[in-house]
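[1] model the following, please.
(chains A and B)
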Amino acid sequence: MKLYEMTKLIRSKNAGPFIITIDILFETEELYRKVVGTGVLSKELISELYRIPKDDVQMYLSPNALAIKFSYPRHVPTGDFYDMDLYGCQHHAPLVNLEVPVS
Amino acid sequence: MQKEVCVLAASGMLGSGFSEDTLHKALSMKPDVIGCDAGSCDPGPYFLGAGVSRASRAAVKRDLRLIVHAGVENGIPVLVGSAGTAGGNPHLEWTLEILDEIVKEDDLHFKLATIESEISKEKLIEYFQAGKVKELYPAPELNEKKIKNFTRIVGVMGPEPYIKALEEGAQVVIAGRSSDTSIYAAVPIMKGLNNGPAWHAAKLLECGTGCVELRARGDCMMAWVREDSFSVEPPNAEMRCTPVSCVSHALYENASPFDMYEPGVVLHMQNSTYTAENDRRVLIKGSILEHSKQYTVKIEGAELLGYREIAIGGVRDPLILRQFDTYMDGLIDAIHKKIKISTGFDKDDYKINYHVYGNPNQDDPKEIGVLFQVLAKTEKDAHSIMANAWHLALHHPIKEWSGLQSQFAFPFSPPAISTGAVYGFCLNHIIEVDDPLELFTINYRQF
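    Numbers count the residues shown, from 1 in each chain, chains lettered A, B, ... in the order given. Got it, this is the predicted structure:
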């Protein structure tokens, strides 16, 4: 299944001027557990998709919120000359159609 | 009966609006304080650097008028934090001008406190030399020479300056840059509840109705803080808080969903429990507050990077689109050469960059949008460089066509648009202080 089909929201946003944070909020506890169980959503994946060293990626599992969360440093700070996404709100796009081996 | 403090957040952001009916409903629930955040670093460094507000003057006046009336008429303290978006002195003055108008027009009488949060470059250098400035992650490099070039620096205050102002009898407090939570934690702390529930409630309140299940619109939010728990409920009956909506909000704009670093404290939310009290109200327990050994104040700074001009153009010719990336590389090279010849500027004197909207490499892209931007030391230089750049782009040839070619569909006359000064955030640091008040100046005025 594609990740968006199992979630109620995938979003990204600035967490201060220097960090991007991505929230993946699942529809049900079952889907949350299944996706976490596949190990597909990992620091390695974020490192690869966003060209960030793996050790700079933070990953959190929040079972209460049925959420997986990643935070990583921005390549350029918000509003810098080379920044093209002031609020960091479209960084989640590469995850939306991600295929996850869950049926 | 257990001690309970009721905190009202008028809105997620002063000027973003709230319903007047909701405010009246909230007032009937007898809040102990009305808070409203008025700023954020989220809209970027421009507002801090340029000393202007993101929110419209009319919208801020409308919201401020309603909450000041509500506070003064009901004897409830009103706390506004991060005035004018960035909380520097010009932002504070802009907000006070609006307040002055309201006071005169409506003949209001109360004691006002204003809290300045701007830090001079000289003062920051003193702290830097004393080794009191520490890096957060990731931090831009800092040295004295760099500090001398900063445009504006603010300290992000904790709840202590608000408490001090209230203890001195202020009815309305307009504060400079402030942590969002400090606005809402101040009164519970003043009343003896410096605990996990107070700070966690403040985190939920800081976006107004951001923590409801379906945010139909920005509106008021309410929390009741106690010794060992707190409850949240939106005063607007059309919206509701659920355990999931509240726990999800701890994720929003925070790098960590479990630990929140605030002036002087760290809030731990990992073991918090969320229980529905009814279909609109949630009870939250188990949030833990850790007091930091060293009190620190986060600082924010903006520096001038230069002046920008932009031009937007569309490309539809399939012969250009099929070789788009190499075409653009050649174009940028040609622009650098033309600028050197026509203006004398070297490549290092300015920056030119383009961003492509759409994907030229997909089948039949139809049209690709290109945003060009130039950054130079002065507005005049930026204009001179962009005037050459866009006109060169217009006629930059491809070998498949012969004769004079025109390639970019510019939507406007003039094609080049000045966006003015460009600022950058230049600090991700904290200052170690002996006293939470030492970076902030409180002034009083009787209306």
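[2] if you count contacts, what does the helix or strand where residue B:123 lies end up packed against?
    For residue B:123, the element it lies in under DSSP states H and E is helix B:121-129. Using 3 or more CB pairs under 8 Å, 6 or more residues apart in numbering or on different chains; DSSP states H and E, the elements in contact with helix B:121-129 are helix B:144-148, strand B:150-156. In this view, the C-beta of every residue, glycine as well, is placed from N, C-alpha and C.
[3] which residue, other than its chain neighbours, is closest to the closest residue to chain B within chain A?
    Distances between chain A and chain B by CB to the nearest CB are smallest at residue A:79, namely 2.9 Å. In space, and not counting its chain neighbours, residue A:79 is closest to residue B:44: 2.9 Å by CB to CB, 6 or more residues apart in numbering or on different chains.
[4] what does the stretch 1-150 of chain B have sitting close to chain A?
    The stretch 1-150 of chain B comes close to chain A at residues B:41-46, B:137-140, as judged by CB under 8 Å from any CB of the partner chain.
[5] ok, those vs chain A, which is closest?
    Nearest to chain A among those: residue B:44, at 2.9 Å, using CB to the nearest CB.
[6] let me see the mean pLDDT of stretch B:82-93.
    Over the span of stretch B:82-93, the pLDDT mean works out to 98.
[7] hang on, I meant stretch B:26-44
    On average, stretch B:26-44 scores 97.
[8] that stretch: which residues count as buried?
    Neighbour-count burial for stretch B:26-44 flags B:26-27, B:31-44 (criterion: 16 or more other CB atoms under 10 Å in any protein chain shown).
[9] over to stretch B:147-167?
    Across stretch B:147-167, burial judged by 16+ other CB under 10 Å covers B:147, B:150-166.
[10] residues touching residue 38, list them.
    Chain wasn't specified; assuming chain A. A:100-102 (CB atoms under 8 Å, 6 or more residues apart in numbering or on different chains).
[11] not what I meant, chain B
    Contacts of residue B:38 by CB under 8 Å, 6+ apart are B:13-15, B:55, B:60, B:80-85, B:95.
[12] what's the closest of those to chain A?
    Checking the contacts of residue B:38 against chain A with CB to the nearest CB, the nearest one is residue B:85 at 12.7 Å.
[13] hmm, the closest one is touching residue B:91, no?
    Yes: counting by CB atoms under 8 Å, residue B:91 is a contact partner of residue B:85 at 6.1 Å.
[14] shared neighbours, those two?
    In contact with both residue B:85 and residue B:91: B:39, B:47, B:52-53, using CB under 8 Å, 6+ apart.
[15] most neighbours of all the residues you listed, which one?
    Using other CB atoms under 10 Å in any protein chain shown as the neighbour criterion, residue B:39 leads these with 30 neighbours.
[16] near chain A, which residues of the stretch 201-350 of chain B?
    So the stretch 201-350 of chain B meets chain A at B:243-244, B:247-248, B:250-258, B:272, B:274, B:300, B:305-306, B:308 (CB under 8 Å from any CB).
[17] try it again at 7 Å.
    Proximity of the stretch 201-350 of chain B to chain A, by CB under 7 Å from any CB of the partner chain, involves residues B:244, B:247-248, B:251-258, B:274, B:305.
[18] which two of these lie the greatest distance from each other?
    The most widely separated members of these, counting by CB to CB, are B:274 and B:305 (43.6 Å).
[19] which bits of chain A sit near chain B?
    Residues of chain A lying near chain B (CB under 7 Å from any CB): A:13-19, A:21, A:23, A:25, A:58, A:60, A:62, A:64-65, A:67, A:69, A:71, A:73, A:77-82, A:84, A:86-87.
[20] circling back to that earlier point, out of the contacts of residue B:38, which sit inside helices?
    Counting by DSSP state H, these place B:60, B:95 in helices.
[21] now do the SS call for the one residue sitting closest to the centre of chain A.
    For chain A, the residue nearest the mean C-alpha position is residue A:22 (3.8 Å; CA atoms, centre = their mean). Three-state call for residue A:22 (DSSP: H, G, I helix; E, B strand; the rest coil): strand.
[22] residues contacting it?
    Residue A:22 sits next to A:12, A:69-70, A:91-92, A:95 when contact means CB atoms under 7 Å, 6 or more residues apart in numbering or on different chains.
[23] any idea which helix or strand of chain B has the worst average confidence?
    helix B:243-249 (a mean of 93; mean pLDDT, DSSP states H and E).
[24] tell me what the helix or strand just after that helix is packed against?
    Sequence-wise, the next helix or strand downstream of helix B:243-249 (DSSP H and E) is strand B:259-262. Packing partners of strand B:259-262 (3 or more CB pairs under 7 Å, 6 or more residues apart in numbering or on different chains; DSSP states H and E): strand B:265-268.
[25] would you mark the buried spots in the strand it packs on?
    Result for strand B:265-268 [16+ other CB under 10 Å]: buried residues B:265, B:267-268.
[26] please apply the same query to stretch B:386-395.
    B:386-394.
[27] check stretch A:7-20 too.
    Those would be A:7, A:10-20, for stretch A:7-20 by 16+ other CB under 10 Å.
[28] look up phi and psi at the residue of the stretch 251-400 of chain B found nearest chain A.
    Nearest residue of the stretch 251-400 of chain B to chain A: residue B:255, at 4.1 Å (CB to the nearest CB). As for residue B:255, its main-chain torsions (degrees, to the nearest 10) stand at phi -70, psi -40.
[29] what about the helices in chain B?
    B:20-28, B:46-50, B:57-74, B:89-106, B:121-129, B:144-148, B:160-167, B:180-190, B:196-205, B:243-249, B:318-321, B:324-343, B:379-395.
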